[in-house]
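# 3D, please:
(one chain, ligands or ions: 2)
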Amino acid sequence: MAVVVPPAVVAFLGAPTPDAWVDEAAGRVAEMLLDHANCELKAASTALGFLYRYPDRSNLAQRMSRLAREELRHFEQVRAIMSEMGISFKRLTASRYAGALRDAVRDDEPKKLLDLLLIGALIEARSCERFAQVSPKLPPKLGKFYGGLLESEARHFEHYLAFAKTECDINVGELDGRLEELKGLEAKLVTEPDPQFRFHSGVPA
Ligand SMILES: [Fe+2]
Ligand SMILES: [Fe+2]
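Ligands and ions are numbered 1, 2, ... in the order given. Purely as a prediction, here's the structure:
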């Protein structure tokens, strides 16, 4: 099954996933699934975070509520596949990727909201791209599942980016400038050597 990364996702990301990560992931499926399950849980929690932090923003709140449910469904699906494969679930500490992006969020509003939304867009876009890259190298059933997730994550990427443009009251020039900075950081994190293998890790060190 040919799996194509949506052109908007390719254009958005600062750098493609290195082949070395894809090869590593294909050989470490159990570890990838465990981290992936953790990522889906974190994605649901991140979506809920917007509801708590910005309760008066109705459009954002409704979308994030639905997003949280969808990510929880992904979490359930990944856990079911793990059970079938005899892989037990446990919570993992934050990856270098998640930690560094979280540290980049500025404290003052509306910059904080802008950063959270742009980083959300980047994480969703990267996840989409990696599902596409790795799915042809996986056992057929898992590869098909990843091919389906890719469409969801592409949609999530579009939602996060659209909210960054409509919810923050930040002009286009400033938004684009900040987006370029965050794209650069994200691209570094996925292309530089990384001692730890995760779903969003860099080149295996
Ligand atoms: Fe997801
Ligand atoms: Fe997502």
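
# contacts, neighbours, all on C-alpha from now
Will do.

# helix, strand or coil for the one residue sitting closest to the centre of the chain?
For the chain, I123 is the residue whose C-alpha lies nearest the centre (CA atoms, centre = their mean; 3.0 Å). Here I123 is recorded as helix under DSSP: H, G, I helix; E, B strand; the rest coil.

# how about the nearest residue to it, chain neighbours excluded?
Nearest residue to I123, sequence neighbours excluded (CA to CA, 6 or more residues apart in numbering): F157, at 7.8 Å.

# residue contacts, the one you found?
G120, A121, L122, I123, E124, A125 (CA atoms under 8 Å, 6 or more residues apart in numbering).

# Mind checking which of these are buried?
G120, A121, L122, I123, E124, A125 (16 or more other CA atoms under 10 Å).

# Let me see the confidence value for V3.
Per-residue pLDDT puts V3 at 81.

# switch to numbering from 5
With 5 as the first residue, the last one maps to V7.

# what sits against it?
A136, Q137, S139, P140, G151.

# Against L121, how distant is the second one?
Pointing back at Q137 there. According to CA to CA, to the nearest Å, Q137 stands 24 Å off from L121.

# Then the third one?
Distance check for S139 against L121: by CA to CA, it reads 27 Å.

# Also the last one?
Between G151 and L121 the distance is 24 Å, computed by CA to CA.

# do the same with S69
S69 is 15 Å from L121, by CA to CA.

# One more: E35?
28 Å.

# Of these two, give the one with the bigger neighbour count.
The neighbour count for E35 versus L121, taken as other CA atoms under 10 Å, is higher for L121 (24 against 15).

# which residues touch A72?
A72 makes contacts with A47, A48, S49, T50, A51, L52, as judged by CA under 8 Å, 6+ apart.

# picking that back up, for the residue nearest to I127, I want the exact helix or strand it lies within.
If you go by DSSP states H and E, F161 is part of helix 144-170.
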